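**Q** sequence and predicted model, in that order:
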Amino acid sequence: MIEFRFDGEPIRAEPGQTVGAALVAAGRRHWRTTRRDAAPRGLFCGIGICFDCLVTVNGHPNRRACLTEAIAGDQVTTQEGPGRDDLAC
């Protein structure tokens, strides 16, 4: 098992598992809010076609949790609206 942090909390994942799958396995059902209505979103299609599962990984927004491999030590956070690149100059 590997471990990453989601909003500061440790989440365990199988090697090769996606962030989205690990979050669902940990009981998380939503981790993004929409721009206009702040409606909660999580996994919808699960195959990278939609953008409901967006998260911020290590300061980079708009990563699809269903396609992003969970990596030990990564810092994953809830994304609000369009996200913001914390690493931008």
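**A** Nice, thanks for sending it over.

**Q** what sits up against the helix or strand of the chain with the lowest mean pLDDT?
**A** Ranked by mean pLDDT, DSSP states H and E, the helix or strand of the chain with the weakest confidence is strand 32-33, at a mean of 84. Contacts to strand 32-33, defined as Cβ atoms under 8 Å, 6 or more residues apart in numbering, come from residues 39, 40, 41, 42, 52, 53, 54, 55, 78, 79, 80, 81. (C-beta placed from N, C-alpha, C; glycine too.)

**Q** what segments of the protein are helices?
**A** 19-25 (DSSP state H).

**Q** can you list the low-confidence ranges for it?
**A** Within the chain, the stretches with pLDDT under 70 are 81-89.

**Q** now with 90?
**A** Residue ranges of the chain with pLDDT under 90: 31-41, 46, 50-52, 79-89.

**Q** go ahead and flag the most central residue of it.
**A** residue 55 (3.5 Å; Cα atoms, centre = their mean).

**Q** how about the contacts made by that residue?
**A** Taking Cβ under 8 Å, 6+ apart as the test, what residue 55 contacts is 19, 31, 32, 63, 65, 68, 76, 77, 78, 79.

**Q** repeat that for residue 79.
**A** Per Cβ under 8 Å, 6+ apart, neighbours of residue 79: 31, 32, 33, 54, 55, 56, 61, 62.

**Q** give me the buried subset of the residues you listed.
**A** 31, 32, 33, 54, 55, 56, 61 (16 or more other Cβ atoms under 10 Å).

**Q** just the strands in the chain please.
**A** Ranges of strands within the chain are 2-6, 9-13, 32-33, 40-41, 54-57, 60-64, 75-80, based on DSSP state E.

**Q** I'd like these as CSV, with distance to residue 23 appended.
**A** Below are the strands of the chain laid out as CSV (distance: least, Cβ to Cβ, whole Å):
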stretch, distance to residue 23
strand 2-6, 6
strand 9-13, 7
strand 32-33, 11
strand 40-41, 12
strand 54-57, 8
strand 60-64, 12
strand 75-80, 8
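
**Q** just name the most buried of those.
**A** The highest mean neighbour count among the strands of the chain, using mean count of other Cβ atoms under 10 Å, belongs to strand 54-57: a mean of 23.
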